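S.K.: no sequence for this one, just the structure:
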């Protein structure tokens, strides 16, 4: 169709004259679609979407705004999710490290969750000491967060490290995790007992 560009997968994309802000949106949509296709085992199409998303992001202006800017850290995190869904663990880890490197100091929640995800993947590979270093990076930020997702990550930390209790690095992380645990959603207090009926 004249005046359009082809997107991966045979769908038509925006007009050639799309502005730089539109390219950020394009990158966001493409990387989301890449993850969907990865979960469907459509490897070639998922990788094509990832490549197109990166090219769109590189050409974007990055002008600030909720619908006109897509941070590189977010793109890299979604790339990691896609690679993980495709079973490409090394590429997923590299993308997560890129995501952590591109995060600003203001992105504390995103940085913490990225560090947690890196730690989990390292532990899956048997790289315990590296995983513990990433867990410590997560715990550096956790006390300043009010996030259910961060609480869930901390819960996964304590569960996954139980089997390594005798390892000093893991024990240090566990002890530190216990000292900072503060669930965002407090447990509901027990209901008062109902009064006993008398005859």
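M.R.: Right, received. Where do you want to start? Note that the structure is predicted; figures quoted are calculated from it, not measured.
S.K.: CA only for contacts and neighbour counts going forward, please
M.R.: OK.
S.K.: which residues in this structure form strands?
M.R.: Applying DSSP state E to the chain gives strands spanning 4-6, 12-15.
S.K.: tell me the buried residues in the lengthiest helix in the chain?
M.R.: Ranked by number of residues, the top helix in the chain under DSSP state H is helix 20-39. By 16 or more other Cα atoms under 10 Å, the buried positions in helix 20-39 come out as 20-28, 30-35, 37-39.
S.K.: swap in stretch 160-174?
M.R.: Applying 16+ other Cα under 10 Å to stretch 160-174 flags 161, 169-171, 173-174 as buried.
S.K.: got it, and stretch 119-127?
M.R.: 119-123.
S.K.: contact partners for residue 174?
M.R.: Residues in contact with residue 174 (Cα atoms under 8 Å, 6 or more residues apart in numbering) are 157-158, 161.
S.K.: let's go with 10 Å and repeat that
M.R.: Counting by Cα atoms under 10 Å, 6 or more residues apart in numbering, residue 174 makes contact with 132, 135-136, 154, 157-159, 161-162, 164-165, 168.
S.K.: make TSV out of those and add distance to residue 54.
M.R.: Putting those into TSV (distance: Cα to Cα, whole Å) gives the following:
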residue	distance to residue 54
132	31
135	29
136	31
154	31
157	32
158	36
159	36
161	36
162	39
164	39
165	41
168	41
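S.K.: and the furthest pair within those?
M.R.: 154 and 168 (18.6 Å; Cα to Cα).
S.K.: let me know the pLDDT of the closest residue to residue 39 other than its chain neighbours.
M.R.: Nearest non-adjacent residue to residue 39, counting by Cα to Cα, 6 or more residues apart in numbering: residue 85, 5.8 Å away. Listed pLDDT for residue 85 reads 96.
S.K.: just for this structure, where's the confidence low?
M.R.: Residue ranges of the chain with pLDDT under 70: 1-21, 61-68, 184-199.
S.K.: ok, which stretches of this protein are helices?
M.R.: With helices called from DSSP H, the chain shows them at 20-39, 43-59, 72-85, 89-102, 108-124, 128-141, 148-160, 168-180.
S.K.: pick the most deeply packed of those.
M.R.: Across the helices of the chain, averaging neighbours per residue (mean count of other Cα atoms under 10 Å) puts helix 72-85 on top, at a mean of 24.
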